[in-house]
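Student: Sequence first, then the predicted structure, then my questions.
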Amino acid sequence: MFEVDYVPAVQPLFNVRLCINRRLNTDNLPNCAGRGSRELADRLEKQIIAEGLPTKVIRGPCMNNCAIGPNIKIQAGDMLNLNSDVSDERLEAVMVSIRAEVKKRQTAAGADVAP
Ligand code: FES
């Protein structure tokens, strides 16, 4: 028998998809990675883990909204176009949307919701 602390995996209720596409940019079109989406994905993921939220960050391909990216899609929820703003204030606004989605889904599932 093993003597280890058992930590159950948190099953994500939904995914948060973030475009991390980087263009070769031979045509000088904007792209999300060029506007900091890869670093943003790391920051977002750290915050979600720190708060213990049951969601998962998915780094994905282009969403065809390149001119207003970085773009974030909450699964079956908000579409957030950051329009080059990857500041801490904008990240907090994204977290507000994610927290609201978690609360909505936990309420719908009849789970206990923290006050
Ligand atoms: S590069 Fe991100 S939406 Fe196109």
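Tutor: Okay, I see it.

Student: where does residue 31 fall, phi/psi-wise?
Tutor: Residue 31 adopts backbone torsions of phi -150, psi 150, taken as degrees, to the nearest 10.

Student: For the ligand, see how far away residue 106 is.
Tutor: Per C-beta to the nearest ligand atom, to the nearest Å, residue 106 is found 30 Å from the ligand. All C-beta atoms are positioned from the backbone trio N, CA, C, and that covers glycine.

Student: Neighbours of that residue, how many?
Tutor: 15 (other C-beta atoms under 10 Å).

Student: Specify the beta-bridge partners of residue 18.
Tutor: Beta-bridge pairing for residue 18 (DSSP bridges): residue 59, residue 72.

Student: And the pLDDT at the most centrally placed residue in the chain?
Tutor: The centroid of the chain falls nearest to residue 16 when counting by C-alpha atoms, centre = their mean (4.0 Å). pLDDT for residue 16: 97.

Student: for this protein, what spans make up the helices?
Tutor: Counting by DSSP state H, one finds helices in the chain at the ranges 37-51, 88-108.
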